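1. Following is a predicted model, sequence given first.
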Amino acid sequence: MNRVPTNNPPAKGVLYLLPVTIGDTAPLSVLPADNIMIARRVKYFIVENVRTARRFLKKCDPSLNIDELTFFVLDKNTDRSEIDEMMRPLDEGNDICLLSEAGCPAIADPGSMAVAEAHRRSIKVRPLVGPSSILLSLMASGFNGQNFAFCGYLPVDSAQRNKALREMTRRIDNERQTQIFIETPYRNNRLIDELTKALPGHYLLCVASDLTGSEERIEVKTLKTWAHESYKYDKIPSIFLLYRD
């Protein structure tokens, strides 16, 4: 019996959510070996910044020929209409790695747009293990790890900023919810000073800086204590957590 040939489309590729290092450290010190193997074999990458992505991949494997790789840029300025082109290799059966500037892809990161599109196309999404400054700082703070919120950057506008702080303290007082947020590194010191002046002194502030890096520093003090401390966090990637006893 002659079989009728079928023209089945190729199996779709896998979208790997590949965490990157968040400190100046060797990839194998914070990433599983399987992650490194995937980074070595995949030829397509969706990244927030090509230069830092290339640097990370070279740290994973110095012998890697970067010029043989294809990079798609997905950042805060990317239009959703551009995502379709990024998905094409997956539709053709090729695997893609999604990288972030924030450690774990799609967490406080525009890469979530690519993940959402992959699900719409029934493409397998596989998250990989790696460092998250949000979780690492929460683990090390001693604050409530069962009820917490990541608030991203506080608003720049003064009125909106004060409103955000009031809402954060309301959630701490009424819901016992840990509040996690970040600031542009060169304004870290200014943020701490602002918090000590705007909020009651009994609130606890955890500042976690250079997580997984050689200068890692995690400190928890009341705002009253922070107000009289000498600190230098400017230009150091840091994450802030607010809570109360």
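-> That came through fine. Residues are numbered from 1 along each chain as shown.

2. quick one: the strands in this protein?
-> Using DSSP state E, the strands of the chain run over 14-17, 44-47, 70-73, 96-98, 124-127, 148-153, 178-182, 204-209, 217-222, 238-243.

3. most centrally placed residue in this protein?
-> The structure's the chain has its C-alpha centroid closest to residue 102; by CA atoms, centre = their mean the separation is 3.1 Å.

4. That residue is in contact with residue 108, isn't it?
-> Yes. Assessed by CB atoms under 8 Å, residue 102 is found in contact with residue 108 at 5.2 Å. Any C-beta I mention is one placed from the backbone N, CA and C, and that applies to glycine too.

5. Now do the helices in the protein.
-> 27-30, 33-41, 50-60, 83-91, 112-120, 133-141, 158-175, 188-198, 223-226 (DSSP state H).

6. export those to CSV and tack on mean neighbour count, mean pLDDT and distance to residue 237?
-> Converted to CSV, these look like this (neighbours: other CB atoms under 10 Å; pLDDT from 0 to 100; distance: least, CB to CB, whole Å):
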stretch, mean neighbour count, mean pLDDT, distance to residue 237
helix 27-30, 16, 94, 15
helix 33-41, 15, 97, 21
helix 50-60, 17, 96, 13
helix 83-91, 17, 96, 27
helix 112-120, 17, 96, 21
helix 133-141, 20, 97, 8
helix 158-175, 14, 96, 21
helix 188-198, 17, 97, 9
helix 223-226, 16, 98, 19
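
7. And the ones you listed: which comes nearest residue 217?
-> Closest approach to residue 217 among the helices of the chain is made by helix 133-141 (10.5 Å; CB to CB).

8. just checking, what packs against the closest one?
-> strand 178-182, strand 204-209, strand 217-222, strand 238-243 (3 or more CB pairs under 8 Å, 6 or more residues apart in numbering; DSSP states H and E).

9. Pairing partners for the last one, with directions?
-> Counting by DSSP bridges, the strands paired with strand 238-243 are strand 178-182 (antiparallel), strand 204-209 (antiparallel).

10. Save these as JSON lines, and put in mean neighbour count, distance to residue 84 and mean pLDDT too.
-> JSON lines is the format used below for the strands paired with strand 238-243 (neighbours: other CB atoms under 10 Å; distance: least, CB to CB, whole Å; pLDDT from 0 to 100):
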{"stretch": "strand 178-182", "mean neighbour count": "23", "distance to residue 84": "31", "mean pLDDT": "97"}
{"stretch": "strand 204-209", "mean neighbour count": "22", "distance to residue 84": "38", "mean pLDDT": "98"}
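
11. Give me the local confidence score for residue 24.
-> For residue 24, the model assigns a pLDDT of 86.

12. Roughly how far does the closest residue in space to it that isn't next to it in sequence sit from residue 69?
-> Spatial nearest neighbour of residue 24, excluding adjacent residues (CB to CB, 6 or more residues apart in numbering): residue 213 at 5.4 Å. According to CB to CB, to the nearest Å, residue 213 stands 26 Å off from residue 69.

13. just residue 155 next, same as before
-> In terms of CB to CB, residue 155 sits 38 Å off from residue 69.

14. Need the CA coordinates for stretch 194-213. CSV is fine.
-> The C-alpha coordinates for stretch 194-213 follow below in CSV (Å, rounded to 0.1, in the frame of the first residue of the first chain):
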residue,chain,number,x,y,z
GLU,A,194,13.6,60.5,51.8
LEU,A,195,12.1,57.5,53.5
THR,A,196,13.5,58.4,56.8
LYS,A,197,11.9,61.8,56.6
ALA,A,198,8.5,60.8,55.1
LEU,A,199,7.7,57.7,57.1
PRO,A,200,7.4,56.9,60.9
GLY,A,201,10.7,55.8,62.4
HIS,A,202,9.5,52.4,63.6
TYR,A,203,9.2,51.0,60.1
LEU,A,204,11.9,48.6,59.1
LEU,A,205,13.9,49.1,55.9
CYS,A,206,16.0,46.4,54.4
VAL,A,207,18.6,47.5,51.8
ALA,A,208,20.1,44.6,49.8
SER,A,209,22.9,45.7,47.4
ASP,A,210,25.2,43.9,45.0
LEU,A,211,23.4,40.6,45.5
THR,A,212,25.5,37.6,44.6
GLY,A,213,28.4,40.0,44.0
